[in-house]
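Colleague: okay, structure incoming, though there's no sequence with it:
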């Protein structure tokens, strides 16, 4: 099956976030409706549900297009994505007033203060997670779709 490799790369890329984001949405709904914690679901999850699968699909298409020149392992390629997504997400969130940047950390939704040390640790965890997802899940799907 050698036809439409970029379409197959896009579909392999969107698999994981399309599978995980509805589970996260379910968790937010349980927190809000069952437990009673006032979590602004529409602010937290709607934008990522639209953007993250699209970025994963495009990123996998870019991997397919550049792998012959760069020879970068797919896990490393996937771990680069947070370096692009985090600044873009912070820019959009700060321009919408959702995120405020202070000297000692960030203020999210005027309610949650996150110090930079914790933010750095979380970013390292995200890098490790992206590496593992791309190496094992997206890489597997690329092999199944016969594009790797």
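Modeller: Sure, I can see it. A quick note: this is a predicted structure, and the numbers were derived from the prediction, not measured.
Colleague: beyond the least confident helix or strand in the chain by mean pLDDT, next helix or strand please.
Modeller: Taking mean pLDDT, DSSP states H and E as the measure, the helices and strands of the chain show their lowest mean at helix 41-44, namely a mean of 64. Reading on from helix 41-44 to the C-terminus, the next helix or strand found by DSSP states H and E is helix 46-70.
Colleague: which positions in that following helix come out as buried?
Modeller: Going by neighbour count (16 or more other Cβ atoms under 10 Å), the buried part of helix 46-70 is 48-49, 52-53, 55-64, 67. Where C-beta positions appear, they are placed from N, C-alpha and C, glycine not excepted.
Colleague: give me every residue that touches the residue positioned nearest the centre of the chain.
Modeller: Closest residue to the average C-alpha location of the chain: residue 52 at 4.9 Å, with Cα atoms, centre = their mean. Listed by Cβ atoms under 8 Å, 6 or more residues apart in numbering, the contact set of residue 52 reads 17, 21, 85.
Colleague: now do 10 Å
Modeller: If a contact means Cβ atoms under 10 Å, 6 or more residues apart in numbering, then residue 52 has 14, 16-18, 20-21, 81, 85, 89 as its contacts.
Colleague: state the distance from it to residue 97.
Modeller: Relative to residue 97, residue 52 is positioned 21 Å away (criterion: Cβ to Cβ, to the nearest Å).
Colleague: go on, residue 47?
Modeller: The spacing between residue 47 and residue 97, counted by Cβ to Cβ, is 13 Å.
Colleague: next: residue 23.
Modeller: Separation of residue 23 from residue 97 (Cβ to Cβ) stands at 28 Å.
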